[in-house]
Each structure stands twice: as structure tokens, then as C-alpha cells.
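Chemist: Give the three-dimensional model of this entry:
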Amino acid sequence: MGHHVVVPAPPLDALVARLWDWEMPPAAHHYERVLPVPGAALIINLHEDETRLYSDDDERRCVRAPAAVIGGPCLRSQIIDTAEQVRVMGVVFHPGGAHALTGEDHRVLVERDIGLEDLFGHSAHQLREQLLDTPDARIRLAVLERWLLARMRLPRLAPEVAHALEQIARLPQVVRIGALVRDTGLSDYRFGRLFRRQVGMGPKRYARLMRFRAVVDAVYRCSTVDWSGVAADGGYGDQAHLVHEFRDFAGVTPTAFMAARGPYPNHLPLD
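Modeler: Numbering: from 1, shown residues only. Sure, this is the predicted structure:
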């Protein structure tokens, strides 16, 4: 029982940020909002034979998918039910990492979660069966890591995309996409198409997401926040611009985010 997180060994660490294993008693029934992150994710439910997400409205309509799915990065927050998070494993990819695993145009993964068996057939079924039969969390994580390593395709990213990702991650508050494109020597069209194929979204939206993520990281543990100052430091035109971005990515205002914070920065309890 517990929550275990590991960073994979090289060379997999260049494509995968972390692997995690969650095994806990069922929580009280309530929903959580999961904030978007820049990389795709792989989810394997070892408690039930499906995964579920819920609509962001009063009806909470359920969207069902296979027990092992890969998708993202998400462009907006998603809703989960914590009562269903009993025995689950996952992989958080670096931007472009899922493209290296699946070979798919990354935009397909953004549009919907795809069953792992649809991509890898019987080997994905065998993986889940082996994980189901492995009682120790750390051994499960090692099994999953070996499976991923055997299927990763290298090289992983076009150098133009890798350069842009590095520059955006370094200073998301001030990066200018036009200058990045000129650095690559590609046209706007060719660079945008290549970036979307390998990362899942356009470079401008990716830079917006990274700017939003930087603000979340900066304020999450603060007791009080000067939002005007945060907006200025974060590269936003004004506080209203910051509020707009929070609504777009998180589905809530900055003050609502702070009021709803839980033990994990990417999860906001709802009800």
C-alpha cells in the first residue's frame, strides 16, 4: 500500500519524467480536478477493467475507456472520482516522449485517450496481466519500466523541436515564438506542423501552458498571494489576463485554485 514514484534510468529518463504506483483503500466519494501538464500520460487501472473521466458540469457525465490508456497532453483540466483510484499505475512523459513510444501523430493523443492494446496488441494485454499478478509496487514499476524501454524509438525529437522546448522551459514568461522559429531556419508552417506532431499542441499554446504551470508552482505553497505581482512576474499583461488563463487551463479562477488546494498541486478536490 502507498504511493511510489520513480524516475527511470537512462536512456528512458530522456523520454519519461516519472513512473508512479498508487495503491490505497477506496477514498470517500468525491471528484477532483486534475490540472493539465505539458506531457502525455499512460494510465493502467489494476483495480477495474476500465478507466473513467467525468464531464466538467453539474451532470458529471461519465466517459469510459479501456483499463490501460495513453493520451494527452491535456489542453484543459479533467475530472476524476477519487473513490475509483484504488490500484492504479501511471507514466508521465516528457513532451514528445509519447510520440517516441507510439510513433503516432501526437495530436491524435490529445483528441482522445487510446487503449494501449489498440497500439501494442497482445503485448499490452500481457503487460497488464503481469502487473495484476505482481503484489509488490516496486517490482511492478520495474516491470513497467522494462516494457517501456523495449518499445521506445530513438531518436526521440527533431532538433528544432528539442531546441524550442528547452528555450520555453527555461524562461516561459518572456519567450517569443517568432524568434524561436527564426532560430530553427524553418518556416512558421513547417515548424508549427512539426511541433504539433511531436508535442501535441502548437508552440504558442505550449508556451502558455508552461507559463501557467510556472505560476502554479510559484503560488501553491503560499499563504497569501499578490496576484498583480504574480501576473507581472509571470509575463501576463495584467491580472485579468492571468485570470483568463487560469479559467482556460484549470477551469477555475486563481483565488478558487488557492482555496481548493489539496495535498497534491495538480489535484483540486471538488465535492
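
Chemist: just the strands in the stretch 101-250 of the chain please.
Modeler: With DSSP state E, counting those that start in this stretch as the criterion, the stretch 101-250 of the chain has strands at 114-115.

Chemist: Now do the helices in it.
Modeler: Using DSSP state H, counting those that start in this stretch, the helices of the stretch 101-250 of the chain run over residues 106-111, 116-120, 122-132, 137-151, 159-170, 177-184, 188-199, 203-219, 227-233, 239-250.

Chemist: in the second one, what's buried?
Modeler: Neighbour counts using 16 or more other CB atoms under 10 Å place 116-117, 119-120 of helix 116-120 among the buried residues. To be clear about C-beta, it is placed using only N, CA and C from the backbone, and glycine gets the same treatment.

Chemist: and if you look at stretch 165-177?
Modeler: Using 16+ other CB under 10 Å as the test for burial, stretch 165-177 gives 165, 167-169, 172, 175, 177.

Chemist: again with stretch 14-34
Modeler: 14-23, 31-34.

Chemist: just stretch 250-270 next, same as before
Modeler: 250-252, 254, 257-258, 261, 266-268, 270.

Chemist: what about the helices of the stretch 101-250 of the chain, which gets the closest to His3?
Modeler: Closest to His3 of the helices of the stretch 101-250 of the chain is helix 137-151 (CB to CB; 8.9 Å).

Chemist: Just list the residues touching Gly72, thanks.
Modeler: Residues near Gly72 by CB atoms under 8 Å, 6 or more residues apart in numbering: 36-37, 39-41, 98, 109-110, 200.

Chemist: give me that answer again for 6 Å
Modeler: 40-41 (CB atoms under 6 Å, 6 or more residues apart in numbering).

Chemist: now the buried residues of stretch 250-270 in CSV, with secondary structure?
Modeler: Formatted as CSV, the buried residues of stretch 250-270 follow (DSSP: H, G, I helix; E, B strand; the rest coil):
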residue, secondary structure
Ala250, helix
Gly251, coil
Val252, coil
Pro254, helix
Phe257, helix
Met258, helix
Arg261, coil
Asn266, coil
His267, strand
Leu268, strand
Leu270, coil
